[in-house]
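>>> show me how the following folds:
(3 chains)
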Amino acid sequence: MKILENLNEKQREAVLKTEGPVMAIAGAGSGKTSVLTRRIAHLIFDKSIPYQNILAITFTNKAANEMKERVETLTGIYAKDMWISTFHSMCSRILRKHIEQLGYKKTFQIIDDQDTEQLIKSLLKKNNYDIKMFNPRQLKSLILKTKANPDYLEGIEEPVKSVVKEITSKYTNYLFESNLVDFDDLLLLTIRLFKENTQLKKYYNDLFKYVLVDEFQDTNNVQYTLVKELVGAHNNLFIVGDEDQSIYAFRGANIENINKFKKDFPDYHIILLEQNYRSTNVILQAANSVIKNNRSRIEKSLYSTKKDGEKITYYKGVTARDEVEYIATTIRKKVRKGYDYNDFAILYRSNATSRQFEEVFMQKQIPYRIKGNTSFFKRKEIKDFTAYLRFIINPNDVFSFMRIVRVPRRGIGQKTIEKLIDYAAENDLLLDEAINSSENCLSTRRSNKLKDFSHLIETFKEDLSNLSFNEFVDQVLDKSGYVTMLKKDDKGDVRYENLMEFKSYLAENETLYKKLDKEEMLVYILEDVSLKSEETAEDIEDAVSLMTLHSAKGLEFKEVFLVTVEMNMFPLGRSMSDPREIEEERRLMYVGMTRAKDKLYITNANMRQTWGETRHNLDSPFFLEIPKEYIEEEGYNKLISRSTQPKVNANSKRKTFLNKRKSNLDDYEENDLNKGDKVSHAKFGDGVVISIVGDQCVIAFKKPHGIKKLMKNHPSIKKK
DNA sequence: AGGTCTTTCCTTTTT
DNA sequence: GGAAAGACCT
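Predicted coordinates:
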């Protein structure tokens, strides 16, 4: 039978054990997606379960799409009809049907994180809070946590506590009044729906006879609650996870959920998938030796059936530019030897790194694709335009109104808007009502400007039902004056092109949803736009992939470049004072390394510009945790170790410095340092040794020094 | 109101 | 170094 073909014993077990709670611990590259998709196929074909009764939840759209595709090939069922989706789009799908029960309108719109922050900021200002004192970004995180769990408030200290309390309630009301939901609301409202309507809950419990959750280690508390609500009395819950790949703690992912699962589903069955099919032995061993430095983990023994393979190449560039050029040249060379550009991926810690690669690759004409970065749908012009669309659908969407009423400028300013909003609030009017009677609070001239704007939107509404999307978009852009505005903007050309791309995106969807009326159609499309932040970038067939480590999860490439592997970049500077964050960064390193099938490169640079300042970062402690036997060095480090005589001349200061370090080392007395030892340092004071690798050690000093990587035998370190 | 000059903050990571 | 918010001018 095709479904079980090429599976090992454990994988087979994970596919066949369909009844009751099952937890599969799936190490990197252990064929997790295969197991998930084949399990679905097995349920459908061998167990004759109608596909509607299966719910598969993933975290990212990418994962959902991949699963859909693979299930489609395996079963021949049109995956669009199946419940294979992210947490958020699943909830959105449920809410579109039932949200009216909670007092929202069916046409609710989803606002993204940026919008949330923006909104919180304006609420703070409006309530006369100094945003220097109450940082909107920090407040946002507190407010969202409080919204998800009101108990959270108790842990906050005054005076922040009362601000959070006040703004949380204002924020929630604002969203409700404007018929908006944020990402968390999608989950929270779904849970509320199930709690308030047991019949509905029962309906979904009966519908979803089999529930599968991918990347379980990344679930947060709300998601866990939702999963529990979704699983009915049948208890057919299958979770797949790997705590070594938990990289979303920053947004509330809670590894503890694995233990909660054990408690809540005591008769669970556990399956360990430890055989790695992806990487060479060298890569896997190296990755294991990094991840084993994490304390909070269950020991796993991943093994590879592949050969040892090539050593990991380490390249230290003289500058960041040099690092990038080395990679470009290496890829070039290999492509000439017959590799495809598709074989390569460049993984970085933060999005900002991509820019340098873009520059060099463009110049050297190396085709590349960037995942993420400023997602197409988050660009200013696209957000402006979607705000127009949202306001056309919902004339009481204050948030969208505020975004577009002055873009382009039309004689309505900040003060006018404030007066209007206040007037609406005082008299308990909806936005459109307030505009219609705005002569009561504003001069006739201003009031007329507002009414003109309102009429403009009215005409758009008519255009929407009468015209094709192609014509409609042109009308909106033209009559709103947006095109004229772009003509004066130096980036106007690019922005216009993006809008045209968005136009064809809409037109494509016009055929997809042709059963619906135009407004409904738009509601669905806008939902897609909010949830699937995917780049609609033209698919270049053969290109190098550039992406963050986070978005690389779940993917694999023949050859992987892990770049900027140096202190402050990876691990990020700010994470270094918290051991839990260090561990998360280390897991990120582990995820990155295990993306590579055949060959791994680790690169960094001796000197790089950050915020317009030149900085020298030391090697990342994670790199130092890889045993030397797995590494071969290239770049100037290699040259240094070869040169026997230190030469002093103008352009070899660096070499000299390193050589000096090396030679001085011989004179030092050996410090017998071990992990956990308390030490004192001549300059940094007291500290604790976090790890020792080779002749270097990582020590955590008291604030403000933080974590430093130092030569183990340096005379300024004294063991206590 | 709106344009221009100046200052500030910044970089995690995603739905 | 660069985007975005704020200050200042017309």
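
>>> how near is the nearest residue to A:Ile525 once chain neighbours are set aside to A:Glu527?
Of all residues not flanking A:Ile525 in the chain, A:Asn509 sits nearest, at 4.9 Å (Cβ to Cβ, 6 or more residues apart in numbering). For every residue, glycine as well, the C-beta is placed using N, CA and C. According to Cβ to Cβ, to the nearest Å, A:Asn509 stands 11 Å off from A:Glu527.

>>> which one's more surrounded, those two?
More crowded of A:Asn509 and A:Glu527, by other Cβ atoms under 10 Å: A:Glu527, with 20 against 17.

>>> so that one sits against A:Ile110, correct?
Yes - between A:Glu527 and A:Ile110 there is a contact under Cβ atoms under 8 Å: 6.4 Å.

>>> what do these two both touch?
Taking Cβ atoms under 8 Å, 6 or more residues apart in numbering as the contact rule, A:Glu527 and A:Ile110 both touch A:Ser92.

>>> excluding its backbone neighbours, what's nearest A:Ala253?
Spatial nearest neighbour of A:Ala253, chain neighbours left out: A:Asp218 (4.5 Å); criterion: Cβ to Cβ, 6+ apart.

>>> show residues contacting the longest helix anywhere in chain A.
Ranked by number of residues, the top helix in chain A under DSSP state H is helix A:444-466. Where contact means Cβ under 8 Å, 6+ apart, the residues beyond helix A:444-466 that reach it are A:388, A:391-392, A:395, A:405, A:410-412, A:416, A:420, A:432, A:435-436, A:438-439, A:442, A:471-472, A:475-476, A:479-480, A:517-519, A:522.

>>> give me that answer again for 6 Å
Here helix A:444-466 makes contact (Cβ atoms under 6 Å, 6 or more residues apart in numbering) with A:392, A:411-412, A:416, A:435, A:438-439, A:472, A:475-476, A:518.

>>> number of residues surrounding A:Cys441?
By the criterion of other Cβ under 10 Å, A:Cys441 has 17 neighbours.

>>> pLDDT wise, what is A:Asn173 at?
Looking at A:Asn173, its pLDDT is 92.

>>> so it sits in a helix?
Yes - secondary structure of A:Asn173 (DSSP: H, G, I helix; E, B strand; the rest coil): part of a helix.

>>> about what we covered before: in helices only, show me the contacts of helix A:444-466.
Among the contacts of helix A:444-466, the members found in helices (DSSP H) are A:392, A:416, A:435, A:472, A:475-476, A:518.

>>> next, format these as TSV and append neighbour count.
Output for the ones in helices among the contacts of helix A:444-466, formatted as TSV (neighbours: other Cβ atoms under 10 Å):
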residue	neighbour count
A:Ile392	22
A:Thr416	21
A:Ile435	23
A:Phe472	23
A:Gln475	17
A:Val476	24
A:Lys518	18
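
>>> filter these by proximity to DNA strand B?
A:Thr416 (Cβ under 7 Å from any atom of the strand).

>>> mind listing what's buried in stretch A:406-415?
Judged by neighbour count (16 or more other Cβ atoms under 10 Å), stretch A:406-415 contains these buried residues: A:407, A:410, A:412.

>>> near A:Glu69, how many other residues are there?
The number of residues packed near A:Glu69 is 13, by other Cβ under 10 Å.

>>> pretty sure it sits in a helix.
Yes - looking at A:Glu69 with three-state DSSP, it is inside a helix.

>>> hang on, the earlier thing: also within reach of DNA strand B: list those from the buried residues of stretch A:406-415.
Okay, of the buried residues of stretch A:406-415 touching DNA strand B (Cβ under 7 Å from any atom of the strand), that's A:410, A:412.

>>> just put the buried residues of stretch A:406-415 in JSON lines and tack on pLDDT.
Listed next are these as JSON lines, based on pLDDT from 0 to 100:
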{"residue": "A:Val407", "pLDDT": "81"}
{"residue": "A:Arg410", "pLDDT": "85"}
{"residue": "A:Ile412", "pLDDT": "85"}
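
>>> how about the residues of chain A near DNA strand C?
Checking chain A against DNA strand C by Cβ under 7 Å from any atom of the strand, the hits are A:118, A:131, A:380, A:609, A:611-612.

>>> near DNA strand B, list only the ones from those residues.
When contact is defined as Cβ under 7 Å from any atom of the strand, these meet DNA strand B at A:Trp611.

>>> list phi and psi for the residue in chain A that DNA strand B sits nearest to.
Per Cβ to the nearest atom of the strand, A:Gly413 is where chain A lies closest to DNA strand B, at 2.4 Å. Dihedral angles of A:Gly413 (phi, psi; degrees, to the nearest 10) stand at phi -110, psi -180.

>>> do you know the pLDDT at it?
A:Gly413 carries a pLDDT value of 82.

>>> what about the nearest residue to it once chain neighbours are set aside, which SS state?
Spatial nearest neighbour of A:Gly413, chain neighbours left out: A:Arg406 (7.0 Å); criterion: Cβ to Cβ, 6+ apart. Following three-state DSSP, we place A:Arg406 in the coil state.

>>> and the residue of chain A found nearest DNA strand C, what are its phi and psi?
Closest to DNA strand C within chain A is A:Gly612: 2.6 Å, counting by Cβ to the nearest atom of the strand. Dihedral angles of A:Gly612 (phi, psi; degrees, to the nearest 10) stand at phi 70, psi 10.

>>> what does A:Pro21 give?
With angles defined as degrees, to the nearest 10, A:Pro21 sits at phi -70, psi 130.

>>> now do A:Leu180
Backbone torsions for A:Leu180, taken as degrees, to the nearest 10, come to phi -120, psi 150.

>>> A:Ile602 now?
phi -120, psi 130.

>>> okay, strands next: where are they in the stretch 1-150 of chain A?
Ranges of strands within the stretch 1-150 of chain A are A:22-26, A:54-58, A:83-86, A:109-111, based on DSSP state E, counting those that start in this stretch.

>>> can you redo those strands as JSON lines with mean pLDDT?
Shown next, in JSON lines, are the strands of the stretch 1-150 of chain A (pLDDT from 0 to 100):
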{"stretch": "strand A:22-26", "mean pLDDT": "93"}
{"stretch": "strand A:54-58", "mean pLDDT": "94"}
{"stretch": "strand A:83-86", "mean pLDDT": "92"}
{"stretch": "strand A:109-111", "mean pLDDT": "90"}
